[in-house]
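[1] Here you go, sequence then predicted model.
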Amino acid sequence: MDKKEIEEKLKGVWEEKPVMQPKEKKEASWNDFSGQVFPAKRRRANKIRYLVAACLVIGLSLTALLTLTDISGNGSSMAYTVIGNPTGMMKKVELPDHSIVELEPDATIEYRDDFSQRRDIIIKGTAFFRVQKDKKHPFRVFCGQTTTTVLGTSFNLKDDTGTVTVQLYEGKVQMSVANNASKWILAPGEEFTYDTNTVNVKAFERFRDFDGEKMSAIIQYIKENYGYRVEMPAGYINQEITLRINKKEELSGILTIIGQMYNLTPTVNEELKQITFR
C-alpha cells in the first residue's frame, strides 16, 4: 500500500460517521488496517520505541521528583545533603566550612551543596553548633518558624514538637520568627524559646561548677557527657578540685586544663574511648 492509498484510508476513517460497534469488531478492524499499513517488523520497532519513550518519561518524572527545592523557600531548585543520626549516641559532623555540628540521637540536618556560598541549614531535633566565623556569609539555621542567624559562635538548638529553644554559649545570634518583624539579639547565657506564637528570652546556666569536689566527680562528668573513660594515677582520684567548665566545652579543652593543673599529660585512645593521664 503506497502513501496515497494510506492517506485515502485515513481520510475515509476521519469522515466516517461514528457508529457504536462491539469491542471485538473494533479490534478486528484495526488489526486488518494496521496489517496493511504497517509491516510486522515496523510495528515491533515502533512498539520498542514507544516503550523506550515511556521509560524516558518515567525517568524524567522521577528526576523531577528528586530535584530538591531551595531550603530557604524561594522556589529555585538545588540539590542538598541530608545527614541524620539514627544511633543512640552523639554524632559529630564537620560541615564544608569546617563548622561543627553535634547531632543528638534522631536529629537531622539538611544543607545545600553550595554551602560555602550560602550557609543555610534546616534542622529537626536537637544539635549543638560551633560555627566558623565568616562575615561575608552569615550562618542561618531554620527550625520550624524560627531562623537563627550567626557570624561565629556556639549554641544549642532543640526542636521539641514545635517548641524551639536556642541556648547561646558563646558569641552573638539574632533570632527571628516567620511573619514577625521583631528581632531578638541573644548574649551568651541567654535562652530563646518559641512556642505557638509566643517568644520568651531568659537566662540559663551554661557552666558546670566543681567547687571543692573530688577529681572522681570530673572523671564521671567526662564519662557521662563525652563518652570517654578516664584513667589517672590513684593519688589524684580523691584530690579536691575547683573548676568551672562551659557545659559545651570541647573535651580537648578540659583535658588541657586538668593536665596543666596537675602537670599530667593526657593520651586519648579513640578506638577504646579511653583517656589516660600520666
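    Yes, it's here.
[2] pretty sure residue 96 is touching residue 116, no?
    Yes - the pair residue 96 / residue 116 is scored as a contact, 5.4 Å apart, by Cβ atoms under 8 Å. In this view, the C-beta of every residue, glycine as well, is placed from N, C-alpha and C.
[3] Would you mind measuring the gap between the ends of stretch 110-125?
    12 Å (Cα to Cα, to the nearest Å).
[4] who's in contact with it?
    Outside of stretch 110-125, the residues within contact range by Cβ atoms under 8 Å, 6 or more residues apart in numbering are 70-72, 78-83, 85, 95-97, 99, 101, 103-104, 106-109, 134, 137-143, 157-159.
[5] Inside strands: which ones of the residues you listed?
    80-83, 101, 103, 108-109, 139-143, 157-159 (DSSP state E).
[6] Any of those residues buried? List them.
    Among these, the ones that count as buried by 16 or more other Cβ atoms under 10 Å are 80, 101, 103, 108-109, 139-143, 157-159.
[7] between the residues you listed, which is closest to residue 89?
    Using Cβ to Cβ, residue 103 comes nearest to residue 89 of those, at 9.8 Å.
[8] Which pLDDT value goes with that closest one?
    Residue 103 carries a pLDDT value of 96.
[9] Pull the contacting residues for it.
    Neighbouring residues of residue 103 by Cβ under 8 Å, 6+ apart: 83-85, 90-93, 109, 125-127.
[10] who's it bridged to?
    Counting by DSSP bridges, residue 103 forms beta bridges with residue 91, residue 127.
[11] where along the stretch 151-278 of the chain do the helices fall?
    215-226, 234-237, 251-262 (DSSP state H, counting those that start in this stretch).
[12] Of all the ones you listed, which one comes closest to residue 169?
    Taking Cβ to Cβ, helix 251-262 is the member of the helices of the stretch 151-278 of the chain nearest to residue 169, at 12.6 Å.
[13] Give me the number of neighbouring residues for the residue nearest to residue 233 when sequence neighbours are not counted.
    The shortest distance from residue 233 to any residue other than its chain neighbours is 7.1 Å, reached at residue 277 (Cβ to Cβ, 6 or more residues apart in numbering). Using other Cβ atoms under 10 Å, the number of residues around residue 277 comes to 18.
[14] For residue 277, report the pLDDT, please.
    pLDDT, residue 277: 96.
[15] Surely it and residue 231 touch.
    Yes - counting by Cβ under 8 Å, residue 277 touches residue 231, with 7.0 Å between them.
[16] Show me the domain layout of the chain.
    22-66, 80-203, 207-277 (automatic domain parsing).
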